[in-house]
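Make a model of this:
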Amino acid sequence: MLGIHPQSNVKSLKNLSYFGSERHGYLVPDDFLNSESIIYCVGAGEDISFDTELKMKYDSRVYIFDPSPYGINHFDEVKAFVNKGTPLTLDPKLFSYHYKISPKQFNEIEFVPVGLWDKKDILKFYDPERENYSSHSAYLFTDSKSFIEAPVDRLGNLMKQLGHSHIDLLKIEIEGAEYKVIDTIVEDQLDVTAILVEFDEIYNTTDKAFHFRIKNSCDKLRKAGYVLVHSTVALKRLFVKKEVYDRLKKLEFNGKQK
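Below is the predicted model of the structure:
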C-alpha cells in the first residue's frame, strides 16, 4: 500500500543479462547496447568488473567516474595487471572474480577523476567508519571525523565537456548522492536511455524515512518517462525509458511467437 516494497511498480523484462562480479554486478537488457553505445559508470571503488565486462561484450564507449583515492588506485592497479597480462583477482576470500579484459579494450576505457553532484564544486567525502568498506560519501558517514576533498560536477556539465548529447546507459553507485543526481537528470531533461542505480541507504540507514526518500526518487524517474524493469531486495534498480521498454517488450513477445 505504501509503495515501498522492492517489487512495487516493477514491470519486468525477461531478456536481461548479468555483468560483473557477484557483489557489484547488474542486469542489463539484451538487444540494447552495441559498439556505438555511450556508457557512464559512476562510482568505481575497488570493483570495476561491471564496467570492464560491458566493454568486453559490446566494445561500447565506456567512461568511469570516481574522484576517490580508492577508485583511482584500483583503476590504475587493474590497468597495470592487464597490461602485464597477469589476471587480477578480486575478493579471493569472498566472491572470487578475475578480470579478463584485453589490454587493447581496457586502454580504450576513459577514467574521469570527478564525482557527480548537483553543481561544480570541491566536496568533502567522508570516510566510512565500517572496516573494509572502500567507499567515501558526500551524503553518508557525515559523523566521521575523517574526510577527503575531491572535485564534483553536474552530470549535464560533464556530458558537455565530453562532447555527449546523450548517454545510453548510466550506472550510479555513489553512496547516497544518487538522490541529487537523479534530480539533475529530471531537472535538466537529460537524454539518458537507461539508468542503473544502487540506493545505498538500504545498507547505511540514517533514519526510518529512507524508504520514502528512495520511493520519492523513483517516482520522479517514473514521472519523467522511465519504467522500472528490475529491482533486487537490496534496491539495486534498472530504469529504462518507456519507448525503449516498449521496443524491448515487443522483441520479447515476438521471440515467444517464434
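
make it CA atoms for all contacts and neighbour counts henceforth
Will do.

Wait, a helix at residue 27?
No. Using DSSP: H, G, I helix; E, B strand; the rest coil, the secondary structure at residue 27 is strand, not a helix.

Tell me which residues touch it, please.
The contact partners of residue 27, taken as CA atoms under 8 Å, 6 or more residues apart in numbering, are 16, 17, 18, 19, 238.

which stretches of this structure form helices?
49-58, 69-84, 103-106, 155-162, 178-187, 210-223, 242-257 (DSSP state H).

Dump those helices to CSV, plus distance to residue 123 and mean neighbour count.
Formatted as CSV, the entries for these read as follows, by distance: least, CA to CA, whole Å; neighbours: other CA atoms under 10 Å:
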stretch, distance to residue 123, mean neighbour count
helix 49-58, 25, 20
helix 69-84, 14, 17
helix 103-106, 29, 15
helix 155-162, 15, 15
helix 178-187, 14, 18
helix 210-223, 22, 16
helix 242-257, 34, 14
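
From the structure, what's the count of residues near the nearest residue to residue 120 once chain neighbours are set aside?
Take residue 120 and drop its neighbours on the chain: the residue closest to it by CA to CA, 6 or more residues apart in numbering is residue 153, 3.9 Å away. Around residue 153 there are 18 other residues, counting by other CA atoms under 10 Å.

Need the CA coordinates for stretch 12-30. PDB is fine.
Taking Å, rounded to 0.1, in the frame of the first residue of the first chain, the C-alpha atoms of stretch 12-30 are listed here in PDB:
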ATOM      1  CA  SER A  12       9.800  -6.800 -15.700                       C
ATOM      2  CA  LEU A  13      11.700  -7.600 -18.800                       C
ATOM      3  CA  LYS A  14      12.700 -11.200 -19.200                       C
ATOM      4  CA  ASN A  15      15.700 -10.800 -21.600                       C
ATOM      5  CA  LEU A  16      18.300  -9.500 -19.200                       C
ATOM      6  CA  SER A  17      21.900 -10.500 -18.800                       C
ATOM      7  CA  TYR A  18      24.100 -10.200 -15.800                       C
ATOM      8  CA  PHE A  19      27.500  -8.500 -15.900                       C
ATOM      9  CA  GLY A  20      30.200  -8.000 -13.300                       C
ATOM     10  CA  SER A  21      31.100  -9.700 -10.000                       C
ATOM     11  CA  GLU A  22      28.700 -11.200  -7.500                       C
ATOM     12  CA  ARG A  23      28.900  -8.100  -5.300                       C
ATOM     13  CA  HIS A  24      28.900  -5.300  -7.800                       C
ATOM     14  CA  GLY A  25      27.200  -6.700 -10.900                       C
ATOM     15  CA  TYR A  26      24.000  -5.600 -12.600                       C
ATOM     16  CA  LEU A  27      21.400  -6.800 -15.100                       C
ATOM     17  CA  VAL A  28      21.300  -5.100 -18.500                       C
ATOM     18  CA  PRO A  29      18.700  -5.600 -21.200                       C
ATOM     19  CA  ASP A  30      19.600  -7.800 -24.200                       C
END
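
Could you give the average pLDDT over it?
Mean pLDDT, stretch 12-30: 95.

Buried by neighbour count: which residues of it qualify?
Buried residues in stretch 12-30, counted by 16 or more other CA atoms under 10 Å: 12, 13, 16, 19, 20, 21, 24, 25, 26, 27, 28, 29.

Surely the last one touches residue 17?
Yes. With contact defined as CA atoms under 8 Å, residue 29 counts as touching residue 17 (6.4 Å).

quick one on the thing from earlier: let's have the helices of the chain in a markdown table, adding distance to residue 170 and mean pLDDT.
Putting the helices of the chain into a markdown table (distance: least, CA to CA, whole Å; pLDDT from 0 to 100) gives the following:
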| stretch | distance to residue 170 | mean pLDDT |
| --- | --- | --- |
| helix 49-58 | 11 | 98 |
| helix 69-84 | 17 | 93 |
| helix 103-106 | 19 | 96 |
| helix 155-162 | 10 | 98 |
| helix 178-187 | 11 | 96 |
| helix 210-223 | 13 | 94 |
| helix 242-257 | 15 | 89 |
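
now for these, which one comes closest to residue 146?
When these are compared for distance to residue 146 using CA to CA, the nearest one is helix 69-84, at 13.8 Å.
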